[in-house]
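Q: What follows is a predicted protein model with its sequence.
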Amino acid sequence: MIDVAELFLAKARASLAGALSELEQRRFDNAANRAYYACFQAAIAALIRARIGPAGGAGNWDHAFVQARFAGELINRRKHYASDLRDTLSSTMRLRHKADYQYDSVTGDQAVRTVRRAVRFVAEIDPKGGA
């Protein structure tokens, strides 16, 4: 049987590796983008493990759904993850939006902070470790 959670963790690891590589190359917008997706994909894996999925089992992982259910269910209610991870998805998404959709770019300091947050977030969810 296919372990779908593990497939999403593999995606998260690849996105995190991309974020680290982009940061090293000083491509800060790309680093922020990949950092967000590393967190998003890891959160999906955590939700799958907890048997939480989109309505109807369609497999369409809406960003708002993932953010709300990860924080609400896995942090607030079940206490599976540390409370300081609660806003990681929303804050990294805001920075990704800046990187992808706004005229100004992500700064080096912002990219470093968000990649560090992503490393920690993925490591908390991924038993094989983040980066």
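A: Yes, it's here.
Q: Next secondary structure after the helix or strand containing Ala68?
A: Per DSSP states H and E: Ala68 is located in helix 63-69. Elements were assigned by DSSP H and E; along the chain past helix 63-69, the next helix or strand is helix 88-101.
Q: residues of that next one that come out buried?
A: Within helix 88-101, the residues that count as buried by 16 or more other CB atoms under 10 Å are 88-89, 92-93, 95-96, 98-99. (Each C-beta comes from the backbone N, C-alpha and C, glycine too.)
Q: try stretch 68-76
A: Quick answer for stretch 68-76 (16+ other CB under 10 Å): 69-71, 74-75.
Q: distance between the ends of it?
A: This stretch, stretch 68-76, spans 10 Å end to end (CA to CA, to the nearest Å).
Q: what's the distance between that stretch and the middle of its chain?
A: In terms of CA atoms, centre = their mean, to the nearest Å, the gap separating the centre of stretch 68-76 from the centre of its chain is 14 Å.
Q: Which residues does that stretch contact?
A: With contact meaning CB atoms under 8 Å, 6 or more residues apart in numbering, stretch 68-76 is reached by 43, 46-47, 50, 52, 80-83, 85-87, 89.
Q: Can I get the buried part of those residues as one PyMOL selection?
A: Of these, the buried ones go into a single PyMOL selection, burial set by 16+ other CB under 10 Å:
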select buried, resi 43+46+47+52+81+85+86+89
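Q: what about the protein, any weak spots by pLDDT?
A: 57-58, 128-131 (pLDDT under 70).
Q: So which residue is smack in the middle of it?
A: Residue closest to the mean C-alpha point of the chain, counted by CA atoms, centre = their mean, is Cys39 at 0.9 Å.
Q: Would you confirm that that one contacts Val122?
A: Yes. Contact status for Cys39 versus Val122: in contact at 6.9 Å, counting by CB atoms under 8 Å.
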